[in-house]
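Asks: No letters, just coordinates:
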């Protein structure tokens, strides 16, 4: 079974019931949890989802609580941004014209040979020649 690197766009989309694609993101994450599918994410994920939820709901506590809950998922391996990973992300950002956070997720997926799951169209398009990317709707757990 493959491993997956799931970016913040998917976690936030799964949290926000009013967003398009919510059911697919939520269902995919629930299936991955039930099947104990390994998720490999950068520690950056927690700050990104805390901020997005806090901004979207105007509730700092909710943002912190959501990030804390995600950080305790048993099938989640979080990877710290060390110098080596930062260097790899920098190279990916420059070569593929990625935003910094997108490059960090790509570096993690590349390092671990995992499938990158994102809702970001630009990220998927720019990385399609480098690694396997999918939308939550395209993941079969």
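Replies: Yep, it's here. Bear in mind the structure is a predicted one, so any value in this text is a computation, not a measurement.

Asks: could you pull out the strands for this protein?
Replies: For the chain, applying DSSP state E gives strands covering 4-6, 39-42, 76-79, 115-117, 133-134.

Asks: Buried deepest among the ones you listed, which one?
Replies: Using mean count of other C-beta atoms under 10 Å, the stretch among the strands of the chain with the greatest mean number of neighbours is strand 4-6 (a mean of 28). No exception for glycine: its C-beta is placed from N, CA and C like everyone else's.

Asks: Enumerate the positions of stretch 17-27 that are buried.
Replies: Going by neighbour count (16 or more other C-beta atoms under 10 Å), the buried part of stretch 17-27 is 21-22, 24-26.

Asks: Turn those residues into TSV, including distance to residue 129 and pLDDT.
Replies: Formatted as TSV, those follow (distance: C-beta to C-beta, whole Å; pLDDT from 0 to 100):
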residue	distance to residue 129	pLDDT
21	24	94
22	30	95
24	25	97
25	25	97
26	30	97
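
Asks: Great, nothing more from me.
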